[in-house]
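Engineer: No letters, just coordinates:
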């Protein structure tokens, strides 16, 4: 019996988030069903985090125990053979028994994509927020820079537990222009429920001249912005979960 760490990529469009839900399509149930085809008898896989309905991932991390005697590369191929086309195992590692995808993580990185033109582009619309006007990225970056550091982010999201802390540390928050729009990269030690999408909504409204840059500072200082709107889920991707030098890995094959 070995303890495995897997990196998953998935298109979240057709799913009601990562977490298992009765009578609703979800990522967790699909992965667990594929594992059972390979003899897995566990109760639940453990993720680094639970992405919301419609949110995508390139670097979701999960772990589980499995009695598998055919090598890591074969496990990757076998799982992908049983998974739907919009969920793919990117890499397989064997980890220390005490490795925990959520609690051992040093940081999470999310990327949110936007694009602007008069009509929607159906080739990218499932992965980006469509805007009619082009926003001012300079103003958006000035406001985003205020997020960097350790703050109480209760104005931008909720703790996962009722009595949980809303203090988080953001290491990076910046917009960069892309070939067809812009991408916002935010990296932090952890994130509150809906935190990234609420931040993106505010920053885009700042870029469109509909809100002042000071609303970010107000939220950090007072704990409220007065706005509860969210950016659409389809623009958000869990890009990467980082661990301390991957020191929990005891053996890995290059199977990506």
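Structural biologist: That came through, no problem. Quick caveat: nothing in here was measured; it's all calculated off a predicted structure. Numbers count the residues shown, from 1 in each chain.

Engineer: Skip the chain neighbours and tell me the closest residue to residue 230.
Structural biologist: Counting by CB to CB, 6 or more residues apart in numbering, residue 230 lies nearest to residue 197, which is 4.2 Å off, once chain neighbours are set aside. C-betas here are computed from N, CA, C, even on glycine.

Engineer: Which pLDDT value goes with the one you found?
Structural biologist: Confidence at residue 197, expressed as pLDDT, is 98.

Engineer: same thing with residue 179?
Structural biologist: Model confidence at residue 179, given as pLDDT, is 90.

Engineer: measure it to residue 113 for me?
Structural biologist: Taking CB to CB, to the nearest Å as the criterion, residue 179 is separated from residue 113 by 11 Å.

Engineer: Between these two, which has more neighbouring residues?
Structural biologist: When neighbours are counted by other CB atoms under 10 Å, residue 113 comes out ahead of the other of residue 179 and residue 113, with 20 against 5.

Engineer: For the residue nearest to the more buried one when sequence neighbours are not counted, give me phi and psi.
Structural biologist: What sits nearest to residue 113 in space, not counting adjacent residues and going by CB to CB, 6+ apart, is residue 128, at 4.0 Å. The main-chain torsion angles of residue 128 are listed as degrees, to the nearest 10 and equal phi -160, psi 160.

Engineer: cool, and residue 52?
Structural biologist: For residue 52, the backbone dihedrals are phi -80, psi 170 (criterion: degrees, to the nearest 10).

Engineer: Residue 79 too?
Structural biologist: Per-residue torsions, residue 79: phi -60, psi -50 (degrees, to the nearest 10).

Engineer: do the same with the one 5 residues further on
Structural biologist: Recorded main-chain torsions at residue 84 are phi -70, psi 160, according to degrees, to the nearest 10.

Engineer: Run through the residues that contact residue 12.
Structural biologist: By CB atoms under 8 Å, 6 or more residues apart in numbering, residue 12 lies in contact with 27, 51-57, 233-234.

Engineer: Appreciated, that's everything.
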